[in-house]
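Q: Quick one, structure for this:
(2 chains)
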Amino acid sequence: DAGVTQSPTHLIKTRGQQVTLRCSPKSGHDTVSWYQQALGQGPQFIFQYYEEEERQRGNFPDRFSGHQFPNYSSELNVNALLLGDSALYLCASSYGSGNTIYFGEGSWLTVV
Amino acid sequence: AQSVTQPDIHITVSEGASLELRCNYSYGATPYLFWYVQSPGQGLQLLLKYFSGDTLVQGIKGFEAEFKRSQSSFNLRKPSVHWSDAAEYFCAVGGGYGGSQGNLIFGKGTKLSVKP
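A: I've put the predicted structure just below:
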């Protein structure tokens, strides 16, 4: 049983570019959350998707957007990249409410 | 405001010694509390969680944590540390939409080093 899988694992982008990160949830999970973890910091909640809709959002600008597909997989898009967007982006999945969430290995984004 | 504080940035213990990592939280409602471990370059692995009931929670890898509402604390303990426990440990609190744990608030983490 595959866990939460994310792609790509590493990528380098230039300031001003756009990036798309992908996440496949653990089998049977229908809820996907995204977190940003800057170097030396704890993860920060970006947003959560359930039934293809954004259910909650953290304190991130509109440059950060997402999508959830009918198969529950999800994408995180970041536009107009800034140097400060360099971080590990973690995807987490769970089944419904009140259940444990599981994290993927993350996607390392470097903005130069 | 909701927050999690991990007062110790870096702790070094000898292999075989006991360990306690501190976590204090601020949360308006009844919290869901978690401890995660992260090895270098890796994602987060759940060690244990507290939702309700017995305030002493057992987790994986021999870890346990105790919820103390009066002190707003959820400290992580292990009686005997192994070299493989060297990693970064994160305390988190959540509740989120409808009680889901998708919206977790993390502390800044405590890095554990283990001396031989």
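
Q: tell me which parts of chain A are close to chain B?
A: A:4, A:31, A:33, A:35, A:40-45, A:48, A:55-56, A:58, A:90, A:92, A:94, A:96-106 (C-beta under 8 Å from any C-beta of the partner chain). For every residue, glycine as well, the C-beta is placed using N, CA and C.

Q: hang on, residue A:2 in a strand?
A: No. Counting by DSSP: H, G, I helix; E, B strand; the rest coil, residue A:2 is located in no strand; its state is coil.

Q: who's in contact with it?
A: Applying C-beta atoms under 8 Å, 6 or more residues apart in numbering or on different chains, we find residue A:2 in contact with A:24, A:26, A:27.

Q: quick one: pLDDT of the most centrally placed residue in chain A?
A: The residue lying closest to the centre of chain A (C-alpha atoms, centre = their mean) is residue A:34, at 3.3 Å. Per-residue pLDDT puts residue A:34 at 96.

Q: same check, this time on residue B:110
A: 98.

Q: right, and it touches residue B:13 too?
A: No. Here residue B:110 lies out of contact with residue B:13, judged by C-beta atoms under 8 Å, at a distance of 11.4 Å.

Q: ok, the two, which is more surrounded?
A: More crowded of residue B:110 and residue B:13, by other C-beta atoms under 10 Å in any protein chain shown: residue B:110, with 20 against 17.

Q: Quick check: residue B:61 is in a helix.
A: Yes. Checked against three-state DSSP, residue B:61 lies within a helix.

Q: Now the closest residue to it other than its chain neighbours: which helix or strand?
A: Leaving out its chain neighbours, the residue that sits closest to residue B:61 by C-beta to C-beta, 6 or more residues apart in numbering or on different chains is residue B:47, at 6.8 Å. Assigned by DSSP states H and E, residue B:47 belongs to strand B:45-50.
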